[in-house]
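Novice: sequence? don't have it. structure:
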């Protein structure tokens, strides 16, 4: 384990803990409504589960600029710490932050593109180690090409783990990604 401290922005911590740290009046009132509705139809043992499922967010971030980033990491709820740090650095270089995106882990939240399009209305979609076929996108996208599909710019890139470290291969992949991101976001 690394001894380096990783400091997460406030909104990331808030998203990780949901309503457990901060209770806003609007959330309390909506939970009471849900509890009343659930209590009349659902056994008491299931009521807590219903409330949790209603409030569960299936992506990390606030989707502020309608940018959806999809990864596939089996060992993390959204993304592991090392990849989150790298992704944060990429976003900073693009003059973005985690509040601007919706980060989806396809391993934990299997969705099709039509569902993502309906729920998030992305203008930009970045796929890390996800083939278009997995999302049922009828395109043959080459890595690092920026293509437009249904008014959404898409970019396919290899797994974030391929960009770990300072090896020549990792630096090459980072360079290709950066060139594509500059094209996508007109930097």
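Specialist: Noted; the coordinates are in hand. Everything numeric here is computed off the predicted structure, so don't read it as measured data.

Novice: Let me see the contact set for residue 83.
Specialist: 71, 73, 160-161 (CB atoms under 8 Å, 6 or more residues apart in numbering). Where C-beta positions appear, they are placed from N, C-alpha and C, glycine not excepted.

Novice: repeat that with 7 Å
Specialist: Contact analysis of residue 83 by CB atoms under 7 Å, 6 or more residues apart in numbering lists residue 160.

Novice: Next: residue 136.
Specialist: By CB under 7 Å, 6+ apart, residue 136 lies in contact with 112-113.

Novice: And for residue 149, the neighbour number?
Specialist: Using other CB atoms under 10 Å, residue 149 is surrounded by 15 other residues.

Novice: So it versus residue 141, what's the distance?
Specialist: 9 Å (CB to CB, to the nearest Å).

Novice: tell me the domain ranges of the protein?
Specialist: If you go by automatic domain parsing, the domain ranges for the chain are 10-55, 67-185.

Novice: so which of those domains is the most packed in?
Specialist: domain 67-185 (a mean of 17; mean count of other CB atoms under 10 Å).

Novice: okay, how far is it across it, tip to tip?
Specialist: End-to-end distance of domain 67-185 (CA to CA, to the nearest Å): 10 Å.

Novice: Check stretch 143-155 too.
Specialist: Note: stretch 143-155 ends 7 Å apart using CA to CA.

Novice: How about residues contacting it?
Specialist: 117, 122-127, 137, 139, 141, 156-158, 176-177, 180, 183-184.

Novice: Assess the claim that residue 137 and residue 113 are in contact.
Specialist: Yes - between residue 137 and residue 113 there is a contact under CB atoms under 7 Å: 4.9 Å.

Novice: Among the domains of the chain, which comes closest to residue 61?
Specialist: Across these, residue 61 has its closest neighbour in domain 67-185 (4.5 Å, CB to CB).

Novice: just checking, residue 103 is part of a helix?
Specialist: No - assigned with DSSP: H, G, I helix; E, B strand; the rest coil, residue 103 falls outside any helix and is strand.
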